[in-house]
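Asker: The sequence and its predicted three-dimensional model are supplied below.
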Amino acid sequence: MFLSISAAILHGLAYAIYLHQVYGGTSVPNPASWTVWVLLSILNALTFWRGSKDALVTAQFFTGSVGCFAVWTYALSTGRFSSLDFMGWSVLVLCTLAGLVWWAKRNALYANLVIGATILFSSLPTIAGVLRNGHVEQALPWYLWTIAFLITSINVFQRRYESEKKGVCWQLLLVTPITGTVIHGIVALSAAR
């Protein structure tokens, strides 16, 4: 329970800091990444909860969906997004196709795998932007998100026996938190350099 609550608090804190940075102009979110992320965060919270049958493990993802929606809505309504380039448009198209594939399958655990892959692809514009210009993102919220996803990965692993009792394949549940750990860590390290 402690790990679940810690991950949710860190996730919420990171979004609050990031929203403040976007407001102050020290972080410039990528519209392709954040548009996909806002949709995925909501879908992921629902499918992860349904797939894991564990509300505590899912707490981070529900917190993240609210925070992501707040950042996306603010950036969109105030014009704080960076410009959308060819890579961004390509990512939006690919992620839409991945969503359609998931819709055809309609399986919560399969959706978690598709979400993991889509998170990876949707992160490419943000990672590329930070590698080109490390000043478009500040490292602190990205480090907090990295730690939150790492905690959730540990939590899923620790609760694997409970998941198995519920008939859930806990290994598939690790896809999203591990992907989140790696991607957020890459952005954090790139922004910190």
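Answerer: Looks like it came in fine.

Asker: in what helix or strand does the closest residue to Leu140 other than its chain neighbours lie?
Answerer: Excluding its sequence neighbours, the residue lying closest to Leu140 (CB to CB, 6 or more residues apart in numbering) is Ile17, at 5.8 Å. Quick note: C-beta positions are derived from backbone N, CA and C, even for glycine. Here Ile17 sits within helix 2-24, counting by DSSP states H and E.

Asker: and that helix, how far from the chain's centre?
Answerer: 12 Å (CA atoms, centre = their mean, to the nearest Å).

Asker: got the angle between whichever helix or strand comes after it and helix 2-24?
Answerer: The element immediately downstream of helix 2-24 (helix or strand, assigned by DSSP H and E) is helix 31-52. Between the axes of helix 31-52 and helix 2-24, defined by axes from the mean of the first three to the mean of the last three CA atoms, to 10 degrees, the angle is 160 degrees.

Asker: Helix 31-52 packs against which elements?
Answerer: Counting contacts by 3 or more CB pairs under 8 Å, 6 or more residues apart in numbering; DSSP states H and E, helix 31-52 is packed against helix 55-78, helix 86-105, helix 108-132, helix 170-173.

Asker: List the buried residues for the shortest one?
Answerer: Going back to what we said before, that points to helix 170-173. Within helix 170-173, the residues that qualify as buried are Trp170, Leu172, Leu173, counting by 16 or more other CB atoms under 10 Å.

Asker: for the second one, same thing?
Answerer: Of the residues in helix 86-105, those scored as buried under the neighbour-count criterion (16+ other CB under 10 Å) are Gly88, Val91, Leu92, Leu94, Cys95, Ala98, Gly99, Trp102.

Asker: and these as CSV, adding distance to Ser27 and pLDDT?
Answerer: Shown next, in CSV, are those (distance: CB to CB, whole Å; pLDDT from 0 to 100):
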residue, distance to Ser27, pLDDT
Gly88, 17, 87
Val91, 19, 84
Leu92, 21, 85
Leu94, 24, 79
Cys95, 22, 79
Ala98, 26, 73
Gly99, 26, 74
Trp102, 29, 71
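
Asker: For those residues, give me JSON lines that also has distance to Ile42.
Answerer: Listed next are the buried residues of helix 86-105 as JSON lines, based on distance: CB to CB, whole Å:
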{"residue": "Gly88", "distance to Ile42": "20"}
{"residue": "Val91", "distance to Ile42": "18"}
{"residue": "Leu92", "distance to Ile42": "17"}
{"residue": "Leu94", "distance to Ile42": "19"}
{"residue": "Cys95", "distance to Ile42": "14"}
{"residue": "Ala98", "distance to Ile42": "15"}
{"residue": "Gly99", "distance to Ile42": "12"}
{"residue": "Trp102", "distance to Ile42": "13"}
